[in-house]
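1. For reference, the sequence and a predicted model appear below.
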Amino acid sequence: MTASLSLFPPPVSSYLSPTTAIIHLHALAHNLSALRTFLAPRCEILAVVKADGYGHGSIVIAKTLAQLGITKFGVATIQEGVALREAGLTGSIIVLGATFSWQLPDLIHYQLTPVISDADTAHQFAKELSPDQTPYPVHIKVDTGMRRLGLSPDALTSLLDSPLFQGSLVLESLMTHLADADSVDPAFTHYQLDQFQSMVDQLRLKGIMIPSLHAANTAGIVAHPQSHLDMVRPGLLLYGYQPVLPFATALDLKPVLSLVTKLAQTKSVGAGEPLSYNGIFRTARPSQIGILPIGYAHGYHRRLSNQGKVLIGNTRVPIVGRICMDMTLIDITDVPNAKVGDEVVLLGTQGKESISATDIAQWQDSIPYEVLCSIGPRVNRKYEPLS
């Protein structure tokens, strides 16, 4: 007789992935404190928690930041904003990305703040509002050189002069986005800030009130203090990293995320043997090879093949062969005591060795933002408390 399947799920520990992202919330608090010390006292912080909190888990990150006094949060999509609202976040949630007409009822229902980047969206949004929902606060984005979303100077003046802003909508903040703030040459950033200030001056001459201005992303915060204005939008900085800048800064940051897995198998191979798909690596000596249960489906990029390093037994060892969808091979010949079940650090510290998102970004010809944001839902998140 065939046994019936249980109606109850197995204990959680029996199916958790061996690969875990450990989120150090005390490091998040440290970075926020360092930022507050760096900024002028009256400069507000709009914490960017888009892309699932840069891979850290947007809900826990946002709730932790709320405990630490943050009241404004930036997301890229309405879906991200709704997820925060449904998790109980009560602060202001600003949708920084594009908004489409069919999304507007949800935006209003969940009391999200749109960033208006064109006049058509402003008109569509106003039509969706009932009288008891007006005036509805919005941020307006102007394009000063990024050439993505944003109004031109002429369109900005026309929009704010229109009847929409005499009843349906109210300007909460005017913003722009810096395209080159991490460059060794500050000229284009200065140009953008001059363009932005010129628009602000023109609006004020017309008697248009602008309650708040913001332009600075993480690179702007670090490299261009004149871009801080009334509010800044830190993203990567909160998670413990700065963009690759041509100069050092005074900010003392701690990485918030570590990525670890377990050694799944070891095997002996001879010299001259090909490893993994397409045999792009051949052993130069008799070797011990370790197999890790992580691959590009977890967000561990294929470009790390034959380039990246991991830590095992307090030793830095190389990735060998092509990274697969679910598995990665490492050379553990120089770690003779390595055994199945041993912890392997892909991002973080083990003993005196460490690997940062900046290191991984260099190995895969990318940026720390992509490294962190790529860590997918296959990877468990484990949160260490604030204290």
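-> Yes, it's here. Residues are numbered from 1 along each chain as shown.
2. ok, D106 - contacts?
-> Residues near D106 by C-beta atoms under 8 Å, 6 or more residues apart in numbering: I78, V82. To be clear about C-beta, it is placed using only N, CA and C from the backbone, and glycine gets the same treatment.
3. if I look at it, how far off is E86?
-> To E86, D106 is 11 Å away according to C-beta to C-beta, to the nearest Å.
4. Could you do P105 as well?
-> Per C-beta to C-beta, P105 is found 16 Å from E86.
5. same thing with P163?
-> When distance is defined by C-beta to C-beta, P163 is 34 Å away from E86.
6. Kindly report the same for H24.
-> 26 Å.
7. Looking at the two, which one has more neighbours?
-> Shown here are H24 and E86; by other C-beta atoms under 10 Å, H24 has more neighbours (21 against 10).
8. Test my guess that the more buried one contacts Y239.
-> No: with contact defined as C-beta atoms under 8 Å, H24 does not reach Y239; the gap is 10.2 Å.
9. Can you work out which residues contact both of these two?
-> Both H24 and Y239 are contacted by P255, V256, L257, under the criterion C-beta under 8 Å, 6+ apart.
10. what about V200, helix or strand, and which?
-> Per DSSP states H and E: V200 is located in helix 187-205.
11. Run me through the strand neighbours of the following helix or strand past that helix, direction for each.
-> Next along the chain after helix 187-205, taking DSSP H and E as the criterion, comes strand 213-216. Counting by DSSP bridges, the strands paired with strand 213-216 are strand 169-175 (parallel), strand 231-232 (parallel).
12. So what's the gap between the shortest one and the chain middle?
-> The one in question is strand 231-232. The chain centre lies 17 Å from the centre of strand 231-232; the measure is C-alpha atoms, centre = their mean, to the nearest Å.
13. Same question for stretch 197-215.
-> The answer for stretch 197-215 is 30 Å, by C-alpha atoms, centre = their mean.
14. So if we follow the domain assignment, how does the protein break up?
-> Taking automatic domain parsing as the reference, the chain has its domains at 25-239, 257-366.
15. Now do the contacts for V138.
-> Counting by C-beta under 8 Å, 6+ apart, V138 has contacts T113, P114, V115, I116, A122, F125, L169, V170, L171, E172.
16. helix or strand right after the helix or strand T261 falls within?
-> Assigned by DSSP H and E, T261 belongs to strand 257-262. Per DSSP H and E, the first helix or strand lying C-terminal to strand 257-262 is strand 265-269.
17. Which secondary structure elements does the helix or strand just after that following strand sit against?
-> Next in sequence after strand 265-269, counting helices and strands by DSSP H and E, comes strand 274-275. Identification of packing neighbours for strand 274-275 by 3 or more C-beta pairs under 8 Å, 6 or more residues apart in numbering; DSSP states H and E yields strand 281-282.
18. So what are the sheet partners of the strand it packs on and their directions?
-> In the sheet, strand 281-282 lines up with strand 274-275 (antiparallel) (DSSP bridges).
19. So what touches the strand it pairs with?
-> The contact list for strand 274-275, computed with C-beta under 8 Å, 6+ apart, reads V269, I280, F281, R282, T283, I289, V320, G321, L329.
20. Need the pLDDT of the most centrally placed residue in the chain.
-> Centroid-nearest residue in the chain: Y54, 2.4 Å away (criterion: C-alpha atoms, centre = their mean). Note on Y54: pLDDT of 98.
21. Check S14 too.
-> For S14, pLDDT reads 62.
22. Now do the helices in the stretch 251-387 of the chain.
-> Here the stretch 251-387 of the chain has its helices, by DSSP state H, counting those that start in this stretch, at 357-363, 368-373.
23. winner for burial among the ones you listed?
-> helix 368-373 (a mean of 23; mean count of other C-beta atoms under 10 Å).
24. Now do that helix: everything it contacts.
-> Contact partners of helix 368-373, identified using C-beta under 8 Å, 6+ apart, comprise 51-52, 54-56, 235-236, 239, 241, 243, 257, 301, 347, 356-358, 360-361, 364.
25. Is it possible to mark the buried ones in these?
-> The neighbour-count test (16 or more other C-beta atoms under 10 Å) marks 51-52, 54-56, 235-236, 239, 241, 243, 257, 301, 347, 356-358, 360-361, 364 as buried among these.
26. quick one: buried residues of stretch 254-268?
-> P255, V256, L257, S258, L259, V260, T261, K262, L263, A264, T266.
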